[in-house]
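Chemist: Sequence first, then the predicted structure, then my questions.
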Amino acid sequence: MKIGFLGLGLIGASLARALRGRPEISELIGYGHRASTVDAALSMGIIDGAVEEPEQLLSGCDVVVIATPTLLAQRQLVDLVRIAQTMDSPPILTDVASVKGNLWRAIEAMGLPAWPEYLVLGHPIAGSERSGVHAAKADLFVNHRVILTPHEDTSLAAVQCVSNLWQWAGAEVVSMPVELHDKVLAATSHLPHMLAFSLVDTLAQSEYSVDIFRYAAGGFRDFTRIASSDPVMWRDIALANKDEVLDAIDHFSAGLRALRTAIEQSDSEQMMRIFERAKNSRDTFVVKQNASKDVTDGV
C-alpha cells in the first residue's frame with residue numbers, strides 16, 4: 001500500500017516512522033504546508049516523497065492520514081471528502097485528531113446521500129510535550145491505545161485496514177461511540193492539560209514566581225510537563241470539544257470547592273475521605289494498568 005500523510009508533525013511523522021520497512025507498505029508520501037518540514041521529513045527518511053497540494057494524496061495513495069491540528073483537520077477532511085466523492089475508487093481516509101465529534105458533525109453537515117464508507121475517524125492515545133517532525137519517534141504508539149469511532153455505514157474492510165496500520169505501529173486498537181470518546185477524553189486528557197496550562201500561567205504571574213519555580217519539586221515538574229505542549233493544538237482541542245471540556249472543568253471545580261471548604265473549616269475527616277478515595281482510586285487504576293500490561297507482554 002501507499003500511505004499518504006497530510007501533516008508531518010509529531011503524530012503523522014511518528015506513524016510514518018513506525019510503518020517504515022513494513023512489507024505491506026510500498027511507499028510513504030507526505031504533505032506539509034511548510035517546505036522546511038517536508039525537507040526535514042525527506043532528509044530524515046520519514047517519507048519517500050512529497051506532493052505540492054493535499055488533494056494530490058487522494059489520487060496517489062491507498063490510505064490518507066490527516067495528521068493536522070483538530071480545527072484544521074476538520075476543514076481538510078471536508079475538502080478531501082468532497083473530492084473523494086467524485087472518484088470511482090477513493091482511498092481510505094482516516095485522521096488522528098483528539099476530538100471526533102466536530103469531524104463527525106462536519107461530515108453530516110455536508111448533506112451527502114450516505115456516510116462515506118471509506119472514512120474511518122480515529123485517535124491515537126499517545127503523544128509528547130514536544131512537537132514537530134524532529135520529535136517523531138517510531139515507538140511512540142507501542143503499548144498505547146488507538147480509538148476508532150466508525151460510523152455504522154463505514155466499510156468493515158476500511159476499518160480493518162486502518163486497524164492494521166495502528167497494530168503494525170505497535171498500538172492496541174479499540175472502537176468507541178464518538179460521543180463517549182469526546183466525553184472520556186475531555187476528562188482524562190483535555191482537562192489535565194487545561195489544569196496544567198492554567199496552573200503554570202497562574203504561578204508565573206505571582207510575585208513569588210522566581211522562587212516558586214526555583215524550588216519546585218519533582219511532583220510539580222511531572223504534573224506540569226504537559227504545559228509545554230503545543231499551544232495551538234490544545235487551543236483547537238478545547239474549542240472543538242468545548243461542551244465536554246467545560247463540563248469536565250465544572251465537575252473538577254465542584255470537587256476543588258469541596259476540598260477548599262474542608263480545609264477552610266479544618267474538617268480533617270472530610271479531607272481524609274477525599275484523600276483516601278483519591279488514593280484508592282489511583283492505586284486501583286495502577287494495578288489494573290499493570291495487569292493489562294502483563295497480559296499484553298505475555299502474549
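Modeler: Received, thanks.

Chemist: Give me the residue at the spatial middle of this protein.
Modeler: Ser98 (3.8 Å; C-alpha atoms, centre = their mean).

Chemist: Can you name the helix or strand that the nearest residue to that residue once chain neighbours are set aside falls in?
Modeler: The shortest distance from Ser98 to any non-neighbouring residue, by C-beta to C-beta, 6 or more residues apart in numbering, is to Ile237 (4.9 Å). Using the backbone N, CA and C atoms, a C-beta is placed for each residue, glycine as well. For Ile237, the host element (DSSP states H and E) is helix 231-240.

Chemist: just Gln76 next, same as before
Modeler: helix 70-84.

Chemist: what inclination does the strand or helix carrying Thr202 have with respect to helix 231-240?
Modeler: According to DSSP H and E, Thr202 maps onto helix 191-204. Calculated by axes from the mean of the first three to the mean of the last three C-alpha atoms, to 10 degrees, helix 191-204 forms an angle of 120 degrees with helix 231-240.

Chemist: and helix 191-204, C-alpha only, in PDB?
Modeler: The C-alpha trace of helix 191-204 is given here as PDB (Å, rounded to 0.1, in the frame of the first residue of the first chain):
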ATOM      1  CA  LEU A 191      -8.900  18.600  31.400                       C
ATOM      2  CA  PRO A 192      -5.500  17.700  32.700                       C
ATOM      3  CA  HIS A 193      -3.900  19.800  30.000                       C
ATOM      4  CA  MET A 194      -6.200  22.700  30.800                       C
ATOM      5  CA  LEU A 195      -5.300  22.400  34.500                       C
ATOM      6  CA  ALA A 196      -1.500  22.300  33.800                       C
ATOM      7  CA  PHE A 197      -1.700  25.300  31.500                       C
ATOM      8  CA  SER A 198      -3.700  27.300  34.000                       C
ATOM      9  CA  LEU A 199      -1.600  26.300  37.000                       C
ATOM     10  CA  VAL A 200       1.700  27.300  35.300                       C
ATOM     11  CA  ASP A 201       0.200  30.500  33.900                       C
ATOM     12  CA  THR A 202      -1.200  31.500  37.300                       C
ATOM     13  CA  LEU A 203       2.000  30.800  39.200                       C
ATOM     14  CA  ALA A 204       4.100  32.500  36.600                       C
END
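
Chemist: Any idea how far the next helix or strand after it is from the middle of the chain?
Modeler: Heading C-terminal from helix 191-204, the first helix or strand you meet, by DSSP H and E, is helix 209-214. Helix 209-214 sits 32 Å away from the centroid of its parent chain (C-alpha atoms, centre = their mean, to the nearest Å).
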